[in-house]
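>>> Quick one, structure for this:
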Amino acid sequence: MRAAVVRAYGPPDGVEVGDVPKPVAEAGQLVVRVHTSTVNMGDTEIRASNMPWLFRVPIRLWLGVLRPKPSTILGMELAGVVAEAGEGTEGFAVGDEVVGASSMGFGAHADFARVDAGGLVVRKPAGLTTGEVAPLPVAGLAALGYLRRGGIEGAKTVLIRGASGAIGTYAVQLAKHFGAEVTAVCGTQAVERMRELGADVVIDYTQAEFDAGERTYDLILDVVGKQPVGRFVRCLTARGAYVRGTVPGLWEVCVALWFWVASRKRVVMGDAGACVEDLRLLVELLESGKLRSVIDRRYPLEQIADAHAYVETGHKQGHVLIEVSAPQT
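Numbering: from 1, shown residues only. Sure, this is the predicted structure:
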């Protein structure tokens, strides 16, 4: 089968499409014929080995110290059709249209990929396209998980920095769904898009700083992670929470602990958490029209290196799709 294999750590051209053996469904697994996948920042960070050492070392020990193992195929989320079902996968059958996260977060950039049947996978409604649902298992669940960790149910005012990205576009809509007043921080090119998604206030970071005024927020979600934690903590209400949706380094963790001790304001870092019930919720919201996926660009599998290069610019709006074998997305 065709697959985008990572041949070397570094620039996007380290990803090449070649022929590899088709995966086999083991007990508790599905093999899905992939119609649509995505390239997100996580994929590019693993390919470039560009992440804090706290995570870089174990990932390199797993995938290969000097260069990736020949079987390294990226791709964290997918939508497609079940081609093979292993033992213990009751509830799924060959021919089912599904959306889910690839097994161990790898392998979706290929004609076929394995998915854990007991993990993050649900049936795709007939009325939704594979392009609409493919970004839900990673970006959608991250947006929902981060908002929940920050206490979105009780938050009246929310600020989202990096609102135009894969996680951010979902987060703006979900925060509105929970009834919050949303302030979106984005670049000039995304200002109108943020208003379309329901943001009450839009701050163009090229024209104004998010912390320039006296306004405070119950919840701040930062999916960029390039500003000091203190700038955000100062903008929180007394019981507010700052959620950093990027992989933290050891120093950032220490700073977060210091701010918690000094101010008792919550600083949340780390995994967003994910469960299949939340994936079902996101699919339902998408199907009902209460949530939509913002698609920036689409690339065929053969142009996946170009997709990596574009995602690394940091200027994408929403999601970058990889069309593997989808007749309609």
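
>>> partners of the helix or strand hosting residue 17 in the sheet?
Residue 17 is part of strand 15-19, with elements assigned from DSSP states H and E. Take DSSP bridges as the rule and strand 15-19 pairs in its sheet with strand 2-6 (antiparallel).

>>> Pull the distance from the strand it pairs with to the chain's centre.
On the basis of CA atoms, centre = their mean, to the nearest Å, strand 2-6 is displaced by 20 Å from the centre of the chain it belongs to.

>>> Run through who's touching that strand.
Counting by CB atoms under 8 Å, 6 or more residues apart in numbering, the neighbours of strand 2-6 from elsewhere in the structure are 14-20, 46-47, 68, 70-75, 107, 109-111, 301, 304, 322, 324. Every C-beta, even on glycine, is put in place using the N, C-alpha and C of the backbone.

>>> Among those residues, name the ones in helices.
Counting by DSSP state H, the part of the contacts of strand 2-6 found in helices is 46, 47, 304.

>>> Grab the most central residue of the chain for me.
With distances taken as CA atoms, centre = their mean, residue 139 lies nearest the centre of the chain, 2.7 Å away.

>>> ok, the residue lying closest to that one once chain neighbours are set aside - contacts?
What sits nearest to residue 139 in space, not counting adjacent residues and going by CB to CB, 6 or more residues apart in numbering, is residue 166, at 3.9 Å. Listed by CB under 8 Å, 6+ apart, the contact set of residue 166 reads 38, 40, 41, 135, 138, 139, 316, 318, 319.

>>> Any chance of a ChimeraX selection covering the buried ones in the contacts of strand 2-6?
In ChimeraX syntax, the buried subset of these is picked out as below (16 or more other CB atoms under 10 Å):
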select :14,15,17,20,46,47,68,72,73,74,75,107,109,110,111,301,304,322,324
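
>>> returning to what we had before: present the ones in helices among the contacts of strand 2-6 as JSON lines; the columns should include pLDDT and distance to residue 130.
Shown next, in JSON lines, are the ones in helices among the contacts of strand 2-6 (pLDDT from 0 to 100; distance: CB to CB, whole Å):
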{"residue": "46", "pLDDT": "94", "distance to residue 130": "23"}
{"residue": "47", "pLDDT": "95", "distance to residue 130": "23"}
{"residue": "304", "pLDDT": "98", "distance to residue 130": "17"}
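
>>> Closest one of the residues you listed to residue 297?
The shortest separation between residue 297 and any of the ones in helices among the contacts of strand 2-6 is 12.0 Å, and it belongs to residue 304 (by CB to CB).

>>> show me the contacts for that closest one.
Taking CB under 8 Å, 6+ apart as the criterion, residue 304 is in contact with 4, 15, 17, 39, 109, 322.

>>> so which of those comes closest to residue 129?
Out of the contacts of residue 304, the member with the shortest distance to residue 129 (by CB to CB) is residue 322, at 14.4 Å.

>>> Give me the pLDDT for the closest one.
The pLDDT attached to residue 322 in the predicted structure is 98.

>>> From residue 115, how far off is it?
With distances defined as CB to CB, to the nearest Å, the gap from residue 322 to residue 115 amounts to 16 Å.

>>> And for residue 47?
Residue 47 sits 21 Å away from residue 115 when distances are taken as CB to CB.

>>> And for residue 268?
29 Å.

>>> Residue 104 now?
Applying CB to CB, the value for residue 104 to residue 115 is 10 Å.

>>> returning to what we had before: can I get the strand holding residue 17 as CSV, trimmed to CA atoms?
Extracted C-alpha coordinates of strand 15-19, given in CSV (Å, rounded to 0.1, in the frame of the first residue of the first chain):
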residue,chain,number,x,y,z
VAL,A,15,8.6,12.6,4.3
GLU,A,16,8.3,10.4,1.2
VAL,A,17,5.5,8.4,-0.2
GLY,A,18,6.4,4.8,-0.8
ASP,A,19,5.1,1.2,-0.7
